[in-house]
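Asker: sequence first, then the predicted structure, then my questions.
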Amino acid sequence: MPPTGSDPARMNRKKGDKGFESPRPYKLTHQVVCINNINFQRKSVVGFVELTVFPTVANLNRIKLNSKQCRIYRVRINDLEAAFIYNDPTLEVCHSESKQRNLNYFSNAYAAAVSAVDPDAGNGELCIKVPSELWKHVDELKVLKIHINFSLDQPKGGLHFVVPSVEGSMAERGAHVFSCGYQNSTRFWFPCVDSYSELCTWKLEFTVDAAMVAVSNGDLVETVYTHDMRKKTFHYMLTIPTSASNISLAIGPFEILVDPYMHEVTHFCLPQLLPLLKHTTSYLHEVFEFYEEILTCRYPYSCFKTVFIDEAYVEVAAYASMSIFSTNLLHSATIIDETPLTRRRLAQSLAQQFFGCFISRMSWSDEWVLKGISGYIYGLWMKKTFGVNEYRHWIKEELDKIVAYELKTGGVLLHPIFGGGKEKDNPASHLHFSIKHPHTLSWEYYTMFQCKAHLVMRLIENRISMEFMLQVFNKLLSLASTASSQKFQSHMWSQMLVSTSGFLKSISNVSGKDIQPLIKQWVDQSGVVKFYGSFAFNRKRNVLELEIKQDYTSPGTQKYVGPLKVTVQELDGSFNHTLQIEENSLKHDIPCHSKSRRNKKKKIPLMNGEEVDMDLSAMDADSPLLWIRTDPDMAVLRKVEFEQADFMWQYQLRYERDVVAQQEAISALEKFPTPASRLALTDILEQEQCFYRVRMSACFCLAKIANSMVSTWTGPPAMKSLFTRMFCCKTCPNIVKTNNFMSFQSYFLQKTMPVAMALLRDVHNLCPKEVLTFILDLIKYNDNRKNKFSDNYYRAEMIDALANSVTPAVSVNNEVRTLDNLNPDVRLILEEITRFLNMEKLLPSYRHTITVSCLRAIRVLQKNGHVPSDPSLFKSYAEYGHFVDIRIAALEAVVDYTKVDRSYEELQWLLNMIQNDPVPYVRHKILNMLTKNPPFTKSMESPLCNEALVDQLWKLMNSGTSHDWRLRCGAVDLYFTLFGLSRPSCLPLPELGLVLNLKEKKAVLNPTIIPEAIAGNQEAAVNPSSHAQLVGFQNPFSSSQDEEEIDMDTVHDSQAFISHHLNMLERPSTPGLSKYRPANSRSALIPQHSAGCDGTPTTKPQWNMELPRKGTGKEQPPLELGVHAAAAAPLAVFSAEPAPSRHGDHHHHHHHDHKKKKKKHKHRHKHKRRRDARERARAPAPSPAGGSGRPARSPSLSD
Amino acid sequence: MADAAATAGAAGSGTRSGSKQSTNPADNYHLARRRTLQVVVSSLLTEAGFESAEKASVETLTEMLQSYISEIGRSAKSYCEHTARTQPTLSDIVVTLVEMGFNVDTLPAYAKRSQRMVITAPPVTNQPVTPKALTAGQNRPHPPHIPSHFPEFPDPHTYIKTPTYREPVSDYQVLREKAASQRRDVERALTRFMAKTGETQSLFKDDVSTFPLIAARPFTIPYLTALLPSELEMQQMEETDSSEQDEQTDTENIPLHISPDDSGAEKENTSVLQQNPSLSGSRNGEESIIDNPYLRPVKKPKIRRKKSLS
């Protein structure tokens, strides 16, 4: 078994039954991270880490750690030099020479590569050998201190530098740096065990410019000046055991605000933003109070820090005792719309402090518990803060989202279990990516995963009651905090990890209820339920005959068996019925209570006890049924399509008090364009007591109905008189009142109504002139001078309304769009847009909402043929240096242009930006938008779809995005959207001899070996002639080895490599793993390094030299870059790799040479010369014979 | 300036604008006086034996005469004011003439010369009056402590208040209309100006002037402009805060259909989002005593060797 291989059996073990079982043969107890130099100019970081490790097995001889991007200078264990190799198969997933272009192949290879370095399987990129002097020490299970010196140069991921290019010192420029990433990404900025399940205590030290502040996890113990007084060192201690993945850092010239309510909470923001910070965080203490109260548990850390930074990777990132937010969440007191959003983000991050940071997870398959709990308690906060209506509305929204996503993609699985590691058992075979690892997940899938997780938590709450639920959380927290205070009993720390089984056990202990069926349905299984309901009323029996059908055959669905609540509103009241949904029963008879029919005039009691008068004339005279609701509490993850008469929906809308029911009624009424529906919607719009979001969606529904009824519509355009009555002056109805947004409900309605009205169309399918004039008047008379709040969102929505009113231009003979033939209405619109956009330059609005709307509106005008379609305006707004919202809006327009005009040039421009833009979020977003609005899809012919594009995208996901998991998965998504799972159709038939194997799913060869082995001969790609040679070479081993197109040399190499690797890694005493050991493996490798520089020259350097030959595959791209200065952009990312320092380590493989074919010799030499050309000056010129030359010294050897 | 000088000046200006078609009474007055002077000059020339004279020379002589008379007037006024009077006396004139080198004794003889010509008095032209519009209100009489010879008080509107007699526009619609179009015009003019003076982008290839868009320019620190409220907004904020503008003064604006209890309910609902700036503000004063590690002073480096980092 190769040591780098994934170990599915281990990953798959049943967790939690007997506590946590570490995948590593050692326990990490403490780690020091010291960054003593940060250079903003060069964007580099220098520092060291020191890990305190206790072996748990006697024959521990190698230690695997995670590290990416870092250049490692030196590793010492207990002050002895230790040899190490660095091997990261995720850098280049597939052999770059490979002609494979199908996504199936890639996804498998990628999942394998990620497994190969997965810390949860005990793997890592960095493999350190324990010096032989310490073997005895290790056998006694005594402590090891691993000291690693590293540096980081121009990191592409993990740490993000923001350095504005203005005059002044770095602090004056507002330069800052912060850690970021998706899931466990700490390995990008320092070597560590990058697993959520390996907890230890931390000491963190950061030496920064005296004008800067370093914010990190735990308590700031002290701040000390350096001797020259120019810098200061921040010393942090984190005594609560924490995983490396929850370690973070932010350094910048931050302004500091101590929370006035809680002095242990400190807020940081960039210069000049302090007033905004004060306002934004003034609410945070209430969130703290809320969580502490419901969890009956103090906030676990002794302090909390919030940092607001620019160019954020995600809006919110929670780490141990600190959260990193996007600076764009800051707002002043005049901003209405952003306030609830920001508060929600704050509350979200705080919930994750408890579950996610303090309590960590055992493995990836337990992630849903953490996301579920934090999402669930965040929901409770929402309910308390924004009210039940908002909460239920949010739940419905989330439910609709997850249902739509699952039906589209085929399911989200919360708790994946992998049987035997065989691909056949892949529980997510419907997806184009593996769900085995967080790092292979599509970002959209992950968002939906979180959404489903909290919804399932809510289902559990429904089953066991909230009280028990909170008790369970409290139990988890108190167990964890007891464990965390056990400073010297690190084995106790696993109590701080949550697992699915542990969580379920707590639930059954606390509640005594069996929720196993629920878990099985929603957690262990993917898919949602699709109900179709219809009914008939049997007058004779006075029975409601309800028929509930399910669709469980379409993708993303599952069969539901169990209770289902149905609420029937009758004349005599509202009644709940619980139906048992079983295998074959479709029909359910529900007895009705109301015998009498409106013979006496009386009020009708509602569910909530209220009694109302209703006009019952619309009802069916024979039936006492007002409306029926299926699963009103959203106790099933489902989609319900229920058939009932239009008047029933109208009653439901008017009289049902649940916002979800109202929302459902509104969407159902779209199908009933009748005057009665119109009246019901108008009544809702006018009702002040009605929830504002319901009223907002009623606007849009009313617009749709009005359009369907256009031939019979009487009176002024829909909503016009209503708006006039509510928001215009009494004496002059065409003039809107001066703005007063004190009542937020009417503010939102005032904003939305014109947007909906603009969707109205007359019989010619044009926006009525009256409506356009109305909107233009709103803009004209808009007066915010006496308003307490900013009207930027309002004005932005008015522009959206203008855009909505645009209809396609009537084109005569495809004439060119010029100013002369501009439609007069459009001229008016354009006039407004021009003025708004220009005013923004002089008086910018908050978050440039108006610019964003203007850009969108211009794109609408272009798309409808009023204005010549031209992306140059958008491209200028998409440049780096504009506010991110503007950039995204502009990029969206470019993406749309690319699709509509099938522009190759713009597509290239976008792809270039994906690779080179300084802001990770923008790169991610472009990919995301391209995936959502693709220039073409797999089922479509397009001139854009060509081989070059395939190669380009392949390169992007294969190697160009190795520094950012999210980006790589985004590239995979795009590739899938464009080309599908199999070989893109635009590619020519594969050359003979390089036959694609369609069964590669069954790859036998250890997947981790494939990429690295293949990567061995990079020069093939560089040198076309040698490539041809390789291609011509048929593979005699192919039957036994693999089905890939690996050329023979590589196979040969890889075999040799594997066996050799094994031998080198296992020390003689280690039993088992190594089946055979070439006698020469050690002796052939007598070190030939220059004398006298190393006190212990025998084993370590030797090991250091011989092994990592295969690692060279990963090291080569920089070489290529050096040789071909104009190398393609994706390769550029490798320049951040620690190439030069370790080249010396990697190419001394002469002991292999006798096995090589002659041809290979040639390559090697060529290869070597190239490398040596780039070798650092210290290295002596190698002899042309290569193999016999003495090794160039690496830094790790020389000291 | 006193009247003499004023008249002289006016006469001068009359000359200068003589060629112009004058229409207002003041100009007529000056023109008439000048004509009289011309008659005087002409008769003196006849007296001296000229039969004809060129227009230019007559003009020159007229000018000289006028200047001379003006100078007499100006000097006389100075002398009289020098002796704290407002009305010149004969002696003032005499001193003036002497000062100007004129032999006063010859004057009576010259006046009585035989061949002198008598010219008719100039036609009576009405004194130029200050326009009616400016005399607004009653001038105040002098209070007792001010001697009556002092100049009168000016019109009250110049130092007390200016009453306007036009009906103020109170029509709400017109006002709003005006404010809106005024603002729009200002904005349009301003943006057009900015667009004209700077780089622009255009939506139409064939036309760059109809819808000029100020070119997008990236910022070095984009979030500052995006997040911080503009100065204008800040100013507006202060204004609204100070005048407690929550209730609109315009009665037209009071939403009639909202009953009082409704708005109360709304307030309650929205209170969630309302912020309390005063609270956070008042607490800031206490920060000085807060023990927060980030507020502690930075320690000086210890004498001992710094922890070896290399």
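Answerer: Cool, got the structure. Residues are numbered from 1 along each chain as shown, chains lettered A, B, ... in the order given.

Asker: touching, residue A:562 and residue A:517? I think so.
Answerer: Yes - here residue A:562 reaches residue A:517: they are 6.9 Å apart, a contact under Cβ atoms under 8 Å. In this view, the C-beta of every residue, glycine as well, is placed from N, C-alpha and C.

Asker: got the phi and psi for residue 72?
Answerer: You didn't say which chain, so I picked chain A. phi -100, psi 120 (degrees, to the nearest 10).

Asker: not quite, I wanted chain B
Answerer: phi -60, psi -50.

Asker: whichever residue of chain A sits closest to chain B: what's it in contact with?
Answerer: Nearest residue of chain A to chain B, counting by Cβ to the nearest Cβ: residue A:881, 2.4 Å away. Residue A:881 is in contact with B:218-220, B:222, counting by Cβ atoms under 8 Å, 6 or more residues apart in numbering or on different chains.

Asker: counting neighbours, which of these comes out on top?
Answerer: Counting neighbours by other Cβ atoms under 10 Å in any protein chain shown, residue B:222 leads the contacts of residue A:881 with 23 neighbours.

Asker: find the nearest non-adjacent residue to that residue, please.
Answerer: residue A:883 (4.4 Å; Cβ to Cβ, 6 or more residues apart in numbering or on different chains).

Asker: the one you found and residue B:225 touch, don't they?
Answerer: Yes - using Cβ under 8 Å, residue A:883 is in contact with residue B:225, at 7.4 Å.

Asker: between the two, point out the one with more neighbours.
Answerer: residue A:883 (23 against 16).

Asker: which other helices and strands does the helix or strand containing residue A:483 contact?
Answerer: Assessed by DSSP states H and E, residue A:483 sits inside helix A:466-484. Here helix A:466-484 touches strand A:231-243, helix A:284-295, helix A:367-409, helix A:443-464, helix A:500-511, going by 3 or more Cβ pairs under 8 Å, 6 or more residues apart in numbering or on different chains; DSSP states H and E.

Asker: neighbouring strands of the next helix or strand after that helix in the sheet, and parallel or not?
Answerer: Moving toward the C-terminus from helix A:466-484, the first helix or strand encountered (DSSP H and E) is strand A:497-498. Strand A:497-498 has the following sheet partners, assigned by DSSP bridges: strand A:360-361 (parallel).

Asker: ok now the strand it pairs with, how far from the chain's centre?
Answerer: On the basis of Cα atoms, centre = their mean, to the nearest Å, strand A:360-361 sits 18 Å off its chain's mean C-alpha point.

Asker: average pLDDT for that strand?
Answerer: Throughout strand A:360-361, pLDDT has a mean value of 94.

Asker: and the stretch 51-200 of chain A, which of its residues are near chain B?
Answerer: Taking Cβ under 8 Å from any Cβ of the partner chain, the part of the stretch 51-200 of chain A that reaches chain B is made up of A:149, A:164-166, A:174.

Asker: widest-spaced pair of those residues?
Answerer: Within these, two members stand farthest from each other by Cβ to Cβ: A:149 and A:166, at 33.7 Å.

Asker: who has more neighbours out of the two?
Answerer: Using other Cβ under 10 Å as the criterion, residue A:149 and residue A:166 rank with residue A:149 on top: 22 against 12.

Asker: so, low pLDDT: which residues of chain B?
Answerer: Filtered on pLDDT under 70, chain B yields the residue ranges B:1-23, B:25, B:122-137, B:162-165, B:236-289, B:303-310.

Asker: residue of it closest to chain A, please.
Answerer: Relative to chain A, the nearest point of chain B is residue B:218 (2.4 Å; Cβ to the nearest Cβ).

Asker: doesn't that residue belong to a strand?
Answerer: No - Residue B:218 sits outside any strand when classified using DSSP: H, G, I helix; E, B strand; the rest coil, being coil.

Asker: any idea how far the closest residue to it other than its chain neighbours is from residue A:855?
Answerer: Excluding its sequence neighbours, the residue lying closest to residue B:218 (Cβ to Cβ, 6+ apart) is residue A:881, at 2.4 Å. Distance from residue A:881 to residue A:855, counting by Cβ to Cβ, to the nearest Å: 16 Å.

Asker: quick one: the helices in the stretch 501-650 of chain A?
Answerer: Remark: helices assigned in the stretch 501-650 of chain A by DSSP state H, counting those that start in this stretch are A:516-522, A:646-655.

Asker: got it, and the stretch 801-950 of chain A?
Answerer: Secondary structure of the stretch 801-950 of chain A (DSSP H, counting those that start in this stretch): helices at A:824-842, A:849-863, A:872-877, A:884-901, A:904-916, A:920-932, A:947-955.

Asker: which positions within the longest one qualify as buried?
Answerer: Buried residues in helix A:824-842, defined by neighbour count with 16 or more other Cβ atoms under 10 Å in any protein chain shown: A:825-826, A:829-830, A:832-841.

Asker: tell me the angle of the helix or strand residue A:104 falls within relative to helix A:947-955?
Answerer: Element membership for residue A:104, per DSSP H and E: helix A:103-116. Angle, helix A:103-116 to helix A:947-955, by axes from the mean of the first three to the mean of the last three Cα atoms, to 10 degrees: 20 degrees.

Asker: for helix A:103-116, which positions count as buried?
Answerer: With the criterion 16+ other Cβ under 10 Å, helix A:103-116 contains buried residues A:103-116.

Asker: ok, now stretch A:745-764?
Answerer: A:745-762.

Asker: now do stretch A:918-937
Answerer: A:919-931, A:934-936.

Asker: equivalent analysis for stretch A:574-584, please.
Answerer: A:574-575, A:579, A:581.

Asker: so which bits of the stretch 51-200 of chain B are right by chain A?
Answerer: Close to chain A, as judged by Cβ under 8 Å from any Cβ, the stretch 51-200 of chain B has residues B:172-173, B:176-177, B:179-181, B:184, B:187-188, B:190-191, B:194-195.
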